[in-house]
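> sequence plus the predicted model coming up.
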Amino acid sequence: MNSLFLAICLLLTFFLSSPLLIHIVYATDQTANSIIVHGGGMASIGCPDGSSVDTDISFDAVKSVNGSILGNWTIDSTESTSLPTNDFNHGPIYLANLTTSRFYFQGETNDPQDQISLCSSPLFAPVTLLGQCGQDVTVTIRFQSNDPLDIANPFSADVDCQLI
């Protein structure tokens, strides 16, 4: 009689806990596919007129399981000049390809004319950032400008890419 009672208790325990186990496995599978990328570094941005501006660049992005992107980039001039163009620039990331080893972002500005105010002649969005994940890696940032050469600005950065 005791072994029958024990067998019934074990079966009830299994059947009652199986929905919880399925939920835990499903939730783990969902969140394990989301990727977060966070990074930044110091860069010298080449301007269309040939000058350059020293900046601090940072970026964060999350790509969820369903493919939606949430992110932001910032570029802040580290030069103390009286030029009205050296500003704090930022905007949302609207396109991203993220892995645990590489990333590619495109973002826009919060400026109505898509201007990025760093140089005496403006740079324009979209802003493109791409590179590898890791410490002291090379990241490239590009802007749209009137310069047909489409100047790429590589810089050293620390970039953390993780599954969440």
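Perfect, I can see it now. Numbers count the residues shown, from 1 in each chain.

> what's near enough to touch the residue nearest in space to the middle of the chain?
Closest to where the C-alpha atoms of the chain average out (Cα atoms, centre = their mean) is Ala61, at 2.8 Å. Contacts for Ala61 (Cβ atoms under 8 Å, 6 or more residues apart in numbering) come out as Ile36, Val37, Ile69, Leu70, Gly71, Asn72, Ile93, Ala96, Leu98, Phe103, Phe105. No exception for glycine: its C-beta is placed from N, CA and C like everyone else's.

> once you drop chain neighbours, what's closest to it?
Nearest non-adjacent residue to Ala61, counting by Cβ to Cβ, 6 or more residues apart in numbering: Gly71, 3.0 Å away.

> which helix or which strand is home to the one you found?
strand 69-77 (DSSP states H and E).

> now the element after that strand, going C-ward?
Trace forward from strand 69-77 with DSSP H and E and the next one is strand 88-98.

> okay, now the sheet partners of that following strand, with direction.
strand 69-77 (antiparallel), strand 102-107 (antiparallel) (DSSP bridges).

> which residue ranges of the chain form strands?
For the chain, applying DSSP state E gives strands covering 35-46, 52-63, 69-77, 88-98, 102-107, 115-116, 123-132, 134-144, 152-163.
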